[in-house]
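Engineer: what shape does this take:
(one chain, ligands or ions: 1)
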Amino acid sequence: VVVVADPLPETVLGPLLGHDVRFCDGSDPSALKEALGDAHALLVRSSTQVDRSVLAEAPYLRIIARAGVGLDNIDVEAATQAGVLVANAPRSNVLSVAEMTVGSMITGLRNLLPANAALRSGRWDRGRYQGRELSRSTVGLVGLGHVGTLVAQLLRPFAVRLLVHDPFVSVHHAASVGAQLVDLDELLAQSDVVSVHVPRTPQTKGLIGERELRLAKPSLLLVNTARGGIVDEGALNAALKEKSIGGAVIDVFEIEPAIGNPLIDHASVLATPHLGAGTREAQERAGREAVTAVLQALAGHPVPTAVNPPASHP
Ligand SMILES: NC(=O)c1ccc[n+]([C@@H]2O[C@H](COP(=O)([O-])OP(=O)(O)OC[C@H]3O[C@@H](n4cnc5c(N)ncnc54)[C@H](O)[C@@H]3O)[C@@H](O)[C@H]2O)c1
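Structural biologist: The predicted structure follows:
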C-alpha cells in the first residue's frame, strides 16, 4: 500500500502500477493518520507534516519519500527511531537552480526588470538602463558543490574569469571547471558578479556580512539562489541603500514568505519567491526519484537517496 499525500505529476506514478496506490490530503492530519493505518510507503512533497504522532499511526510504514530536497516537514529522527527510511530527491533541481542563476545574472547586469517597469509606466528611457556584459567579466562562486559546479559549466561559453571560494573542494576540481580557488576576501574584492551556492549551516549564516560587502566593487551584482541568511540581510540592505554595491538577485530570504522584506523594494534588486526549483522538469524529476526510492524500499533493495541509516525493524 502506497499513500500519496501531496499532489504529484500523474506521469511519475506509472511505475507504481501493481501496488495499491491511495491518495489522501496530507495537509489534514486525521486523514493522513487514517490513510497510513495499513500503508507500507508514503510519498509527500512539502505540505504533509510527518511527526511522531503521525508515525505512531503507521505501524507497517517502511519508507517516507519526499519528492523534493528539504526535509523540514519530516521528523527524520522520529522516523529513524521508528525504523522508517526517509529519502529525498537531492539532485532533482540542480539544473533548474543553475539555469536560473545564470539567467538572472544577465537579467541583473542588463537592468532588464527596471527597464521593463519603466516602459510599462510609459518611459522609453534607453540611456538610463545601459548595462554590462557577462562575457569576460570576473565571476566569483561561493560554494562549488552540485549547483556551483553546474553554474561554472554553464558559464563556459561566456569566457568569464572564474574565481571560487570553497574550503572543501580540491584545486583539481576547481581547475576542471576552469576556476581558480581563492579566499572569500579576494573573491569579493575582484568579482563583478558573486553568486552564493553554499548550504545554510551555523558556519555559513552571515558568511557575507557588512565587512565582506565593504570589500566589493561598487558595481558588484550579488546573486543568492542558495538560502536566506547566508548573506546578512541587514548588511545587504544597508549596502544597497548606500549604493556601495551595484545590485542583487535574491531568490531566498531569511524568513519566507518574504512579504514586507525591505530588500524587495530596491530598484536594483531582482527578487523572486524561492523559484530556483520551480520548473516542471525539476518537479517531475523529484517525483520520479521519490517513486524510485519507494520501489527500492518495497523490494528490500538499498535506497541510495535515503538520508537516515537503514531501518532496523524490531
Ligand atoms: N533556490 C532554490 O530553490 C534552491 C534549490 C536547490 C538548492 N538550493 C540551495 O543551493 C545551495 C547549493 O546546493 P548544492 O546542491 O550545490 O549543495 P552542495 O552540498 O552540493 O554544495 C555546497 C558546497 O558548499 C561548500 N561549502 C560548505 N561550506 C562552505 C563555506 N563555509 N564556504 C564556502 N563553501 C562552502 C561545500 O564544500 C560544497 O561544495 C544550497 O544552499 C541549497 O539549499 C536552492
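Engineer: what stretches of the stretch 51-200 of the chain score poorly on pLDDT?
Structural biologist: Across the stretch 51-200 of the chain, no stretch falls below the confidence threshold (pLDDT under 70).
Engineer: up against the ligand, what does it have?
Structural biologist: Contacts of the stretch 51-200 of the chain with the ligand, taken as CB under 6 Å from any ligand atom, map to 69, 93-94, 97, 142-148, 165-169, 197-200. Every residue, glycine included, has its C-beta placed from N, CA and C.
Engineer: surely L141 meets A179?
Structural biologist: Yes. L141 lies in contact with A179 (CB atoms under 8 Å); the separation is 7.0 Å.
Engineer: the two: who's more crowded?
Structural biologist: In this view L141 and A179 are compared by other CB atoms under 10 Å, and L141 has more residues nearby, 30 against 26.
Engineer: helix/strand/coil for the more buried one?
Structural biologist: strand (DSSP: H, G, I helix; E, B strand; the rest coil).
Engineer: contacts only, for it.
Structural biologist: 148, 151-152, 162-166, 179, 194-195, 197 (CB atoms under 8 Å, 6 or more residues apart in numbering).
Engineer: likewise S96?
Structural biologist: Residues 276-279, 281-282 are the ones in contact with S96 under the rule CB under 8 Å, 6+ apart.
Engineer: hey, C-alpha coordinates of the helix or strand hosting Q153 in PDB?
Structural biologist: Element membership for Q153, per DSSP states H and E: helix 146-154. Listed next in PDB are the C-alpha coordinates belonging to helix 146-154 (Å, rounded to 0.1, in the frame of the first residue of the first chain):
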ATOM      1  CA  HIS A 146      26.400  20.500  -7.300                       C
ATOM      2  CA  VAL A 147      24.800  23.800  -8.100                       C
ATOM      3  CA  GLY A 148      28.000  25.800  -8.100                       C
ATOM      4  CA  THR A 149      29.700  23.300 -10.400                       C
ATOM      5  CA  LEU A 150      26.900  23.400 -12.900                       C
ATOM      6  CA  VAL A 151      26.800  27.200 -12.800                       C
ATOM      7  CA  ALA A 152      30.500  27.100 -13.600                       C
ATOM      8  CA  GLN A 153      29.900  24.800 -16.500                       C
ATOM      9  CA  LEU A 154      27.000  26.800 -17.900                       C
END
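Engineer: list the buried residues in it.
Structural biologist: For helix 146-154, burial by neighbour count (16 or more other CB atoms under 10 Å) applies to 146-152, 154.
Engineer: helices or strands up against that helix?
Structural biologist: Helix 146-154 is packed against helix 94-109, strand 138-142, strand 161-165, with contacts defined by 3 or more CB pairs under 8 Å, 6 or more residues apart in numbering; DSSP states H and E.
Engineer: what's the angle between it and strand 138-142?
Structural biologist: 160 degrees (axes from the mean of the first three to the mean of the last three CA atoms, to 10 degrees).
Engineer: nearest to the ligand: which residue in this structure?
Structural biologist: For the chain, the nearest residue to the ligand under the criterion CB to the nearest ligand atom is G145, separated by 1.7 Å.
Engineer: identify the residues contacting that residue.
Structural biologist: Contact analysis of G145 by CB under 8 Å, 6+ apart lists 166, 169, 197-199.
Engineer: looking at this, L42 is in a strand?
Structural biologist: Yes. Going by three-state DSSP, the assignment for L42 places it inside a strand.
Engineer: quick one: the helices in the stretch 101-250 of the chain?
Structural biologist: Under the criterion DSSP state H, counting those that start in this stretch, the stretch 101-250 of the chain contains helices at 112-120, 146-154, 171-176, 184-190, 210-214, 233-242.
Engineer: deepest in the core, which of these is it.
Structural biologist: Counting by mean count of other CB atoms under 10 Å, helix 146-154 has the highest mean neighbour count of the helices of the stretch 101-250 of the chain, with a mean of 21.
Engineer: got a list of what the closest residue to R128 other than its chain neighbours touches?
Structural biologist: Leaving aside its sequence neighbours, R128 sits nearest to A118 (CB to CB, 6 or more residues apart in numbering; 7.4 Å). Contact partners of A118, counting by CB under 8 Å, 6+ apart, are 125, 128-129.
Engineer: G276 contacts I250, correct?
Structural biologist: No. Under the criterion of CB under 8 Å, G276 makes no contact with I250, lying 11.2 Å away.
Engineer: between the two, who's got more neighbours?
Structural biologist: Neighbour comparison, G276 and I250: the larger count goes to I250, with 25 against 22 (by other CB under 10 Å).
Engineer: thought the more buried one was touching A271?
Structural biologist: Yes. Proximity of I250 to A271 meets the contact threshold set by CB under 8 Å, at 4.9 Å.
Engineer: list residues touching both of those two?
Structural biologist: With contacts taken as CB under 8 Å, 6+ apart, I250 and A271 have 263-264 as neighbours in common.
Engineer: kind regards, and thank you for your time.
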